[in-house]
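Asks: The following block contains a protein sequence and its predicted model.
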Amino acid sequence: MLQRSAVALNSGLQADEAALIRAAQEGDQDAFAQLVYAYDQSVLKLAMNLLRSPEDARDVYQEAFLRVYRNLNNFRFDCSFHTWLYRIVTNLCLDQMRKRKVRREEPSVLTAADGPLDRMDSVQEERVDGDPQRHLFSGQLRVRIKSVLEGMTARERAVFELRHYQGLRLRRIGEILGTTEEAAKNCLFRATQKMRAALGDFV
Amino acid sequence: MNQSDDAGANGKMDCEQARMYFALLLYGELSFDEEEQVDAHLDTCAECRAALERQRSLHAALDDFAVDPPAPLLRECRAELVAALRHGPGPRPVKLGWWDRFIGYAAPGPILRPVAAAALVVIGFAGARLMPNVAPYFGGNIVAGANQAGFERVSDVEPQSDGSVRIVVDQTQQKTITGSLDDQRIRTLLLDAVRDPNNAGLRADSVDLLMRRAQSAEIRGALIYLVVHDQNDGVRLKAMEGLRPFVSEPDVRGALSSALLTDANPGVRTQAIDLLIQSPGGDSSANIDRATIGTLQQLMSQEKVPSVRQRCEKALELMNASAEIY
């Protein structure tokens, strides 16, 4: 009974979202705003973590929702809205990451008068740890993690981000990236092997 | 991944092969056979068991590397999007209305997370949080400190027909407020805090406080919402803990069943099992009901993590139920 009610409630939420999408497709601005509102936080987080640049994340946010707005009438409910939206966002991020590889940019580092400045530091609000040795260890680990993330291919980064930080299962990640669950798993495997090779002495 | 590439001819893994799989094991993404082989190796290798624990710590350390977009950036993104939609060559001109509330409210949550089920009370809670909260927080027995910090930012300018200019200014001010947990206004602030997507620590601390008053239906609704929707494993676990005294409530059981079947974290799924079989008195003598048995049997058909499967099997045993669906 409870199980059935859980399923019914889940269907209720999906129906709620479907109603919003249909209303937005018919030109209801409030409905579209509510759809953006429901997802834009996680979209920005995904873009920010993949691109590690607030400016690039902002561009992706804007472009993604403009594309959704322009193409919403083409959305046919053959996948979830979440999957469709994440596909758009991930593709934009992958394009950006590949462009960067070509340009060999260092997107998150600026040069200030007193030396290099990591722009992400300004948005990272971590709890202060009182133990200096632990702080040092954590600092070294961060540098290493950053370096290994930068060493991953764009697809490995995307799969790793979607699995580790967004908590999506590989089947859903496969749908988002337009590939199979097995291919996503292979990609995650390669990403974790790189992580292991780079951080082996920390564990 | 072809396991025959990694396991030896006898199907057994050595230390190096097993360790290659640790990360996928922690994600709960190994196939049944792969996990069996890793488990078989771990049973006989203390060094690898220790290495797995180290890998678990590294896994947790990676969590700290996530960046949460700061609220001002989100606000800017929203304002730019609305501006682009309003003035750009889109198919439909955007009018004022929900969009103004949308850009004015910078701390939303993922209201429609698609993977989870939720109780009706949760929808009520989410809906209530959708709007900017303009409740008068200060007064009565609440002590509000003087303004400690604040900033202003122009978010929109528009010429008026009479030659004047209309300017929209976003203002943020910080205040210190002290009050009793029984004060509805304090509760309202804490209920807002548990929906701050940018700060999992704040959400966890707020849950800690709110769970002391979980007899309130509103707070229970918030805890249920967090169990199903919060993106942080620790917050979901804490919210579950807060619901422990109310496991016999149908909406709580619905949320726990949903977590059991859809949560990506094995620890959360394990705790959901423990709570679902806990009797209202608090001991873990089986809380037998057919729906719980059905949910646990469904879990057995999809669960890949051995420790969760074992816990689930044990729970079904306690209920004198089969682990399989016939």
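Replies: Received it, and whenever you're ready, just let me know what you need.

Asks: Can you point out the buried residues in stretch B:12-26?
Replies: Buried residues in stretch B:12-26, counted by 16 or more other C-beta atoms under 10 Å in any protein chain shown: B:M13, B:Q17, B:A18, B:R19, B:M20, B:Y21, B:F22, B:A23, B:L24, B:L25, B:L26. For every residue, glycine as well, the C-beta is placed using N, CA and C.

Asks: helix or strand for the second one, which one?
Replies: Right, B:Q17. For B:Q17, the enclosing helix or strand under DSSP states H and E is helix B:15-20.

Asks: so A:L170 touches A:I176, yeah?
Replies: No. Counting by C-beta atoms under 8 Å, A:L170 stays clear of A:I176, with 10.4 Å between them.

Asks: can you list the domain ranges for chain B.
Replies: As recorded under automatic domain parsing, the domains making up chain B are B:3-63, B:179-326.

Asks: any idea of the mean pLDDT in the last one?
Replies: This means domain B:179-326. Confidence for domain B:179-326, expressed as mean pLDDT, is 84.

Asks: that older thread, please list which of the buried residues of stretch B:12-26 also come close to chain A.
Replies: B:R19, B:M20, B:F22, B:A23, B:L24 (C-beta under 8 Å from any C-beta of the partner chain).

Asks: Let me know the closest of those to B:R75.
Replies: B:A23 (36.2 Å; C-beta to C-beta).

Asks: can you pull the contacts of that closest one?
Replies: With contacts defined as C-beta atoms under 8 Å, 6 or more residues apart in numbering or on different chains, B:A23 is in contact with A:L188, A:F189, A:T192, A:M195, A:R196, B:Q55, B:H59.

Asks: same thing but 6 Å
Replies: A:T192 (C-beta atoms under 6 Å, 6 or more residues apart in numbering or on different chains).

Asks: if I look at the residue of the stretch 201-326 of chain B found nearest chain A, how far off is B:L318?
Replies: As assessed by C-beta to the nearest C-beta, chain A sits closest to B:A291 within the stretch 201-326 of chain B, at 3.7 Å. Here B:A291 is placed at a distance of 16 Å from B:L318 (C-beta to C-beta, to the nearest Å).

Asks: How about B:R49?
Replies: Taken as C-beta to C-beta, the span from B:R49 to B:L318 is 28 Å.

Asks: What about B:R290, how many residues nearby?
Replies: 12 (other C-beta atoms under 10 Å in any protein chain shown).

Asks: ditto for the one 5 residues further on
Replies: Burial of B:T295 is recorded as 25 neighbouring residues (other C-beta under 10 Å).

Asks: Quick check: it touching B:A255?
Replies: No. Applying C-beta atoms under 6 Å, one finds B:T295 not in contact with B:A255, separated by 11.8 Å.

Asks: quick one, what contacts A:K185?
Replies: Contacts of A:K185 (C-beta under 6 Å, 6+ apart): A:L170.

Asks: Apart from its chain neighbours, what residue comes closest to B:R49?
Replies: Among residues not flanking B:R49 along the chain, B:L42 sits closest, at 5.4 Å (C-beta to C-beta, 6 or more residues apart in numbering or on different chains).

Asks: The strand or helix carrying that neighbour: which residues count as buried?
Replies: Using DSSP H and E, B:L42 maps to helix B:32-44. Judged by neighbour count (16+ other C-beta under 10 Å), helix B:32-44 contains these buried residues: B:E34, B:E35, B:Q37, B:V38, B:D39, B:H41, B:L42.

Asks: Just say helix, strand or coil for B:S322.
Replies: At B:S322, secondary structure determined by DSSP: H, G, I helix; E, B strand; the rest coil is coil.

Asks: List the contacts of the residue nearest in space to the middle of chain A.
Replies: Chain A has A:L46 as the residue nearest its centroid, 2.3 Å off, counting by C-alpha atoms, centre = their mean. Going by C-beta under 6 Å, 6+ apart, A:L46 touches A:V89.

Asks: All the helices of chain A, residue numbers only.
Replies: In chain order, chain A shows helices spanning A:2-25, A:29-51, A:54-71, A:81-103, A:132-151, A:154-160, A:170-177, A:181-199, with DSSP state H as the criterion.

Asks: Could you do the stretch 151-300 of chain B as well?
Replies: Here the stretch 151-300 of chain B has its helices, by DSSP state H, counting those that start in this stretch, at B:184-193, B:200-210, B:217-229, B:233-243, B:250-262, B:266-277, B:290-302.

Asks: can you put those helices in JSON lines and add distance to A:L72?
Replies: Shown next, in JSON lines, are the helices of the stretch 151-300 of chain B (distance: least, C-beta to C-beta, whole Å):
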{"stretch": "helix B:184-193", "distance to A:L72": "31"}
{"stretch": "helix B:200-210", "distance to A:L72": "32"}
{"stretch": "helix B:217-229", "distance to A:L72": "24"}
{"stretch": "helix B:233-243", "distance to A:L72": "32"}
{"stretch": "helix B:250-262", "distance to A:L72": "27"}
{"stretch": "helix B:266-277", "distance to A:L72": "34"}
{"stretch": "helix B:290-302", "distance to A:L72": "33"}
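
Asks: Which one, of these, ends up nearest to A:L20?
Replies: helix B:217-229 (16.9 Å).

Asks: could you say what helices and strands the closest one packs with?
Replies: Here helix B:217-229 touches helix B:120-130, helix B:233-243, helix B:250-262, going by 3 or more C-beta pairs under 6 Å, 6 or more residues apart in numbering or on different chains; DSSP states H and E.

Asks: how about 10 Å then?
Replies: The contact analysis (3 or more C-beta pairs under 10 Å, 6 or more residues apart in numbering or on different chains; DSSP states H and E) places helix B:217-229 against helix A:2-25, helix B:120-130, helix B:184-193, helix B:200-210, helix B:233-243, helix B:250-262, helix B:266-277.

Asks: Would you mind giving the buried residues of stretch B:12-26 as CSV with pLDDT added?
Replies: As requested, the buried residues of stretch B:12-26 are arranged in CSV below (pLDDT from 0 to 100):
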residue, pLDDT
B:M13, 85
B:Q17, 89
B:A18, 91
B:R19, 89
B:M20, 89
B:Y21, 91
B:F22, 91
B:A23, 90
B:L24, 92
B:L25, 93
B:L26, 92
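
Asks: Need the nearest residue in space to B:E36, chain neighbours excluded.
Replies: Counting by C-beta to C-beta, 6+ apart, the residue nearest B:E36 is B:P306, at 7.9 Å.

Asks: care to break chain A down by domain?
Replies: For chain A, automatic domain parsing gives the domain ranges A:1-115, A:126-203.

Asks: With mean pLDDT added, can I get these in a markdown table?
Replies: Formatted as a markdown table, the domains of chain A follow (pLDDT from 0 to 100):
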| stretch | mean pLDDT |
| --- | --- |
| domain A:1-115 | 80 |
| domain A:126-203 | 82 |
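
Asks: For B:H229, which of those is the nearest?
Replies: domain A:1-115 (10.1 Å).

Asks: and the closest residue to B:Q231 other than its chain neighbours, how many neighbours does it have?
Replies: In space, B:Q231 comes closest to A:G167 once its chain neighbours are excluded; the distance is 6.4 Å by C-beta to C-beta, 6+ apart. Neighbourhood size, A:G167 [other C-beta under 10 Å]: 17.

Asks: same check, this time on B:S180
Replies: 10.

Asks: What of the one 4 residues further on?
Replies: By the criterion of other C-beta under 10 Å, B:Q184 has 13 neighbours.

Asks: right, and A:L66 touches B:L81 too?
Replies: Yes. Between A:L66 and B:L81 there is a contact at 7.4 Å, judged by C-beta atoms under 10 Å.

Asks: who's more crowded, those two?
Replies: B:L81 (26 against 16).
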